[in-house]
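# whatever this is, show me its structure:
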Amino acid sequence: MKISLNNPLVYFHVPKCAGTSITELMKREVGDEAVKSSATFIDYHVTPVNYGKFKIYAGHIYYDLLPLFPTESSFITILRNPGARLLSLFHYFRSLDSGADCFEEVVLAKKLDFHDWLECGESSVINNTSNAIIRHFVPMSYFHSSHPACRQNILTVAQNFVGGFSVVGFSEYISVTAEILRQTFNFSFQRDAVPCLNKNAYGKVVYSKSRLRDFVQRECSLDLEFLAYCVSIFKRQCTDDLVKEVGGIEKKIYLEYLE
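The predicted structure follows:
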């Protein structure tokens, strides 16, 4: 179904899921001035929003920001295998410049090895690693309240919410995702035009595949179930000519680190 950009487009950019590349692609399509790409949840709360100016709202957006956007907005997101996302996130944190204003999760990434960082128990690291994908698609209180929501409620709310998105894509299939975006929103770019930005080299991160698998099974089980649902959405969005390109997607997205 083709959707007009007469109404705003809201892009839920989950960190380390090719979001910078997709945002840049959309800027090239509609112009920098038409894209609000504040990076953080806080930016959207403290920066005045002029809905008459922007066609696309991007950044690390969470469910709790929904009241800031018009009810007629369209929503999209790009997701990723949780193990690959964790490796990319750790490498990214380590690559950042040191400074007094560094977040604790960044400071710890520079001090610890990958697995010690994952398992250190510091709250900011937990927020960035344990079921970090699904957190964007449910109220923050579901995790941060003194009485967090039960597992099934978290999954149900996240699935119901993302089930209404115009596009759910995957960074592992970024070219196919770009083609779905192009067809859905009548964008003019070609499917292979996605710029390759913030690409990480996993070879610089020493890790144990079995320990990563164990962590994902234990600490990202909600993410895995949520991604299984999102994979089904993604496959439904594929036209007949794209179906063959996403064969075996289940293994690539949420089974690769479980074998």
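# can you tell me which helix in the protein is longest?
With secondary structure taken from DSSP state H, the chain has its longest helix at helix 221-237.
# helices or strands up against it?
helix 82-95, helix 151-162, strand 167-170, helix 174-185, helix 209-219, helix 249-250 (3 or more C-beta pairs under 8 Å, 6 or more residues apart in numbering; DSSP states H and E). (Glycine included, C-beta is placed from N, CA and C.)
# again, only this time at 10 Å
In terms of contacts (3 or more C-beta pairs under 10 Å, 6 or more residues apart in numbering; DSSP states H and E), helix 221-237 is packed against strand 74-79, helix 82-95, helix 151-162, strand 167-170, helix 174-185, helix 209-219, helix 240-243, helix 249-250.
# and it, how far out from the chain middle?
Computed by C-alpha atoms, centre = their mean, to the nearest Å, the chain-centroid distance of helix 221-237 equals 13 Å.
# might you list the low-confidence residue ranges for the protein?
The chain contains residues with pLDDT under 70 at 1-2, 47-52, 100-101, 198-203, 258-259.
# let's go with 90 and repeat that
Residue ranges of the chain with pLDDT under 90: 1-7, 36-54, 67-72, 97-102, 144-148, 195-205, 254-259.
# circling back: which one of the helices and strands packed on helix 221-237 lies closest to Lys111?
Nearest to Lys111, of all those, is helix 82-95, at 9.9 Å by C-beta to C-beta.
# now the angle from that closest one to helix 209-219?
Calculated by axes from the mean of the first three to the mean of the last three C-alpha atoms, to 10 degrees, helix 82-95 forms an angle of 110 degrees with helix 209-219.
# check which element follows helix 82-95 along the chain.
As assigned by DSSP states H and E, the chain's next helix or strand after helix 82-95 is helix 104-111.
# on that earlier part again, distance to Ile61 and mean neighbour count added to the helices and strands packed on helix 221-237, as a markdown table?
Formatted as a markdown table, those follow (distance: least, C-beta to C-beta, whole Å; neighbours: other C-beta atoms under 10 Å):
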| stretch | distance to Ile61 | mean neighbour count |
| --- | --- | --- |
| strand 74-79 | 9 | 24 |
| helix 82-95 | 17 | 21 |
| helix 151-162 | 12 | 16 |
| strand 167-170 | 15 | 24 |
| helix 174-185 | 17 | 21 |
| helix 209-219 | 23 | 15 |
| helix 240-243 | 27 | 11 |
| helix 249-250 | 25 | 17 |
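# could I get the ones you listed as TSV with distance to Phe234?
Output for the helices and strands packed on helix 221-237, formatted as TSV (distance: least, C-beta to C-beta, whole Å):
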stretch	distance to Phe234
strand 74-79	8
helix 82-95	16
helix 151-162	11
strand 167-170	5
helix 174-185	8
helix 209-219	20
helix 240-243	10
helix 249-250	7
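# nearest to Val125, out of the ones you listed?
From the helices and strands packed on helix 221-237, taking C-beta to C-beta, the stretch that ends up closest is helix 82-95, at 9.6 Å.
# off-centre distance for that closest one?
The chain centroid and the centroid of helix 82-95 are separated by 13 Å under C-alpha atoms, centre = their mean.
# so which elements touch that helix?
Judged by 3+ C-beta pairs under 10 Å, 6+ apart, the packing partners of helix 82-95 are helix 104-111, helix 114-118, helix 123-129, helix 209-219, helix 221-237.
# and those helices as TSV, adding distance to Phe161?
Below are the helices and strands packed on helix 82-95 laid out as TSV (distance: least, C-beta to C-beta, whole Å):
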stretch	distance to Phe161
helix 104-111	26
helix 114-118	27
helix 123-129	19
helix 209-219	22
helix 221-237	10
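# so which of those helices is nearest Leu5?
Checking those against Leu5 by C-beta to C-beta gives helix 221-237 as the closest, at 18.0 Å.
# returning to what we had before: who wins for proximity to Ile249 among the helices and strands packed on helix 82-95?
helix 221-237 (5.7 Å).
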